[in-house]
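Novice: Predicted model and sequence follow; I will ask about them next.
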Amino acid sequence: MGDFWTRMEGRGPAEVVVDGVEVRAGSRVRLRPRGTADVLDLVLTGREGVVEAVEQDEEGAFHFAVTVDDDPGRDLGEARLPGHRFFYAADEIEPLGERAFRVLVAGIGNVFLGDDGFGVEVARHLSAAPRTPGVDVVDFGIRGMDLVYALQRDYDAVILVDASPRGEPPGTLTVLDPTEPAEHAGPGQREASGAPAGGGQPLETHGMDPVKVLRLAAELGPVPRLIRIVCCEPESAAEALYELSAPVQAAVPEAASLVNALVMEMIAESAGRGCRDRAHG
């Protein structure tokens, strides 16, 4: 019995070859269920999605946990909740090529504390737009541990969106890179912060401090290689103030555009690095 539970708690293989293509967490696939009696098989046939995990059962068979692109509750599947995470055998998925570059955009903040809800509002704004494949926009609010666990899900990059007082005019946007030493930059420009492993000044905005979350996630396992924090200067973070101030509300669309630009920049950087790696291989 002990051997059984030891095997069950072990992770599946990092990758499995399907139709000559390596499939792993982050791989894009098209669903081809064998069955036709189950309504889910009928609805999901031909849908595209992303492999979240590769599992192996007691008999050695491989099972691919897949979240579907157009599922509005896709983030629930990524949180391993039932109903939004579907398992398929190797002959029920069609690999769609190279592994997708995966980005997590995390809205952070307390909507009951005025401008502290900035990150949540930006996440809502982004979620209302058509979804970019490989990019997950999630409103984490003050759920710090949920974000810690999400950072363990094979993302290549993460963009945290938060309100942070930095002594600038209200509504000023700043991009922080927590992997570089702290340096001063002008309003709206990129600025470095403290690295997740230590050093620099942490962001003390509320109970869910992005840098502290990154540090904890790094202690539990690997975190995304590319990390950016999009901060907005708040005007107020008063208790029981349930809306953003005018300058911070006005910064929401600009912040959403900035996040989209960062996503494109990260994808381009990754593509360029991949080309260089192949050239040197």
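Specialist: Received it, and whenever you're ready, just let me know what you need.
Novice: where along the stretch 1-150 of the chain do the strands fall?
Specialist: Counting by DSSP state E, counting those that start in this stretch, the stretch 1-150 of the chain has strands at residues 15-18, 21-24, 28-31, 48-56, 62-68, 86-88, 93-95, 103-108, 135-141.
Novice: quick one: which of those is nearest residue 166?
Specialist: strand 103-108 (15.5 Å; Cβ to Cβ). For the C-beta atoms, the positions are set from N, CA and C on the backbone; glycine is no exception.
Novice: now the closest one, how far from the centre of its chain.
Specialist: For strand 103-108, the separation from the chain centroid amounts to 5 Å (computed by Cα atoms, centre = their mean, to the nearest Å).
Novice: Kindly report the same for stretch 236-251.
Specialist: Chain-centre distance of stretch 236-251: 25 Å, with Cα atoms, centre = their mean.
Novice: May I have the distance across it, first residue to last?
Specialist: Using Cα to Cα, to the nearest Å, one end of stretch 236-251 lies 14 Å from the other.
Novice: For the strands of the stretch 1-150 of the chain, give me JSON lines that also has distance to residue 262 and mean pLDDT.
Specialist: Converted to JSON lines, these look like this (distance: least, Cβ to Cβ, whole Å; pLDDT from 0 to 100):
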{"stretch": "strand 15-18", "distance to residue 262": "28", "mean pLDDT": "84"}
{"stretch": "strand 21-24", "distance to residue 262": "25", "mean pLDDT": "84"}
{"stretch": "strand 28-31", "distance to residue 262": "22", "mean pLDDT": "88"}
{"stretch": "strand 48-56", "distance to residue 262": "20", "mean pLDDT": "85"}
{"stretch": "strand 62-68", "distance to residue 262": "23", "mean pLDDT": "87"}
{"stretch": "strand 86-88", "distance to residue 262": "31", "mean pLDDT": "87"}
{"stretch": "strand 93-95", "distance to residue 262": "28", "mean pLDDT": "89"}
{"stretch": "strand 103-108", "distance to residue 262": "9", "mean pLDDT": "92"}
{"stretch": "strand 135-141", "distance to residue 262": "11", "mean pLDDT": "88"}
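Novice: Which one of the ones you listed lies nearest to residue 169?
Specialist: Of the strands of the stretch 1-150 of the chain, nearest to residue 169 by Cβ to Cβ is strand 103-108, at 21.4 Å.
Novice: May I have the beta-bridge partners of residue 28?
Specialist: Under DSSP bridges, the beta-bridge partners of residue 28 are residue 50.
Novice: you'd agree it is up against residue 97?
Specialist: Yes. Using Cβ atoms under 8 Å, residue 28 makes contact with residue 97 at a distance of 6.9 Å.
Novice: Which one's more surrounded, these two?
Specialist: Per other Cβ atoms under 10 Å, whichever of residue 28 and residue 97 has more neighbours is residue 28, with 21 against 9.
Novice: Residue 175 looks like it's in a helix, true?
Specialist: No. Counting by DSSP: H, G, I helix; E, B strand; the rest coil, one finds residue 175 to be strand, located in no helix.
Novice: element containing residue 158?
Specialist: According to DSSP states H and E, residue 158 maps onto strand 157-163.
Novice: What angle do strand 173-177 and that strand make with each other?
Specialist: Angle between the axes of strand 157-163 and strand 173-177 is 140 degrees (criterion: axes from the mean of the first three to the mean of the last three Cα atoms, to 10 degrees).
Novice: quick check: mean pLDDT across strand 157-163?
Specialist: On average, the pLDDT along strand 157-163 is 93.
Novice: Take it, keep the C-alpha atoms, and write them as PDB.
Specialist: The C-alpha trace of strand 157-163 is given here as PDB (Å, rounded to 0.1, in the frame of the first residue of the first chain):
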ATOM      1  CA  ALA A 157       6.300  35.000 -17.800                       C
ATOM      2  CA  VAL A 158       4.200  36.800 -15.300                       C
ATOM      3  CA  ILE A 159       2.900  40.400 -15.200                       C
ATOM      4  CA  LEU A 160       1.600  41.500 -11.800                       C
ATOM      5  CA  VAL A 161      -0.700  44.600 -11.800                       C
ATOM      6  CA  ASP A 162      -1.000  46.500  -8.500                       C
ATOM      7  CA  ALA A 163      -1.300  49.900  -6.800                       C
END
